[in-house]
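>>> With the input below, show me the fold.
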Amino acid sequence: MARYDNDDKDPRSKATASVWGIAVGMMGICIPLVAITDAGGKGLILPTFVLAAAAVSTVVIWFAPARRNALSGDQAQEIDMMKQTIFDLHEHVDTLDRKVEDYALQARINQASISTNSSGASVAANAVNPVRFEPPPIVTSRKDNPSTNS
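Residues are numbered from 1 along each chain as shown. Prediction:
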């Protein structure tokens, strides 16, 4: 079993407090009900079951085997590599998004300059040099790309 320096951090303490808190609430409800119904000797069955259930739950909580949450070194390293890969992918996607936005803005500027030139209102828009967006080539494996096969 895992030992905790501080009982407040021990999840078993919290679970036990929760079980007994609910049990006390149930006792607070069932004792007046027993007194009102005047059930005689049978009226003690419900409070007895509440206490027995809370006691059994407490024993199960404290004697249950501790869960293992620690990861092995290889698993932790693999998770770190996955996090780094996801971070790199996010950066790549953000870069592509900015390039697409720049391309869309440049296309709108070009469209505006074309419409302005056709109306003859302004020639200054023609001075804008459009930046062409060339998407990166799609990398395929050698098996998929017949031009790279030798």
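
>>> tell me the mean pLDDT for the longest helix along the chain?
Scanning the chain for the longest helix, with DSSP state H as the assignment, gives helix 73-119. Over the span of helix 73-119, the pLDDT mean works out to 84.

>>> Check which helices and strands it sits against.
Helix 73-119 is packed against no helix or strand, with contacts defined by 3 or more Cβ pairs under 8 Å, 6 or more residues apart in numbering; DSSP states H and E. The C-beta positions use only the backbone N, C-alpha and C, and glycine is treated the same way.

>>> what about Met81, distance to Gln111?
Counting by Cβ to Cβ, to the nearest Å, the gap from Met81 to Gln111 is 45 Å.

>>> before we move on, what about Gly73?
57 Å.

>>> Then Leu44?
In this view, Leu44 and Gln111 are 87 Å apart by Cβ to Cβ.

>>> next one: Ile36
83 Å.

>>> do the same with Val56
Distance check for Val56 against Gln111: by Cβ to Cβ, it reads 76 Å.

>>> One more: Ile79?
Per Cβ to Cβ, Ile79 is found 47 Å from Gln111.

>>> Same drill for Gly73 and Gln111, tell me which one is more crowded.
Neighbour tally, Gly73 and Gln111, criterion other Cβ atoms under 10 Å: the higher count belongs to Gln111, 10 against 7.

>>> Thanks again, I'm all set now.
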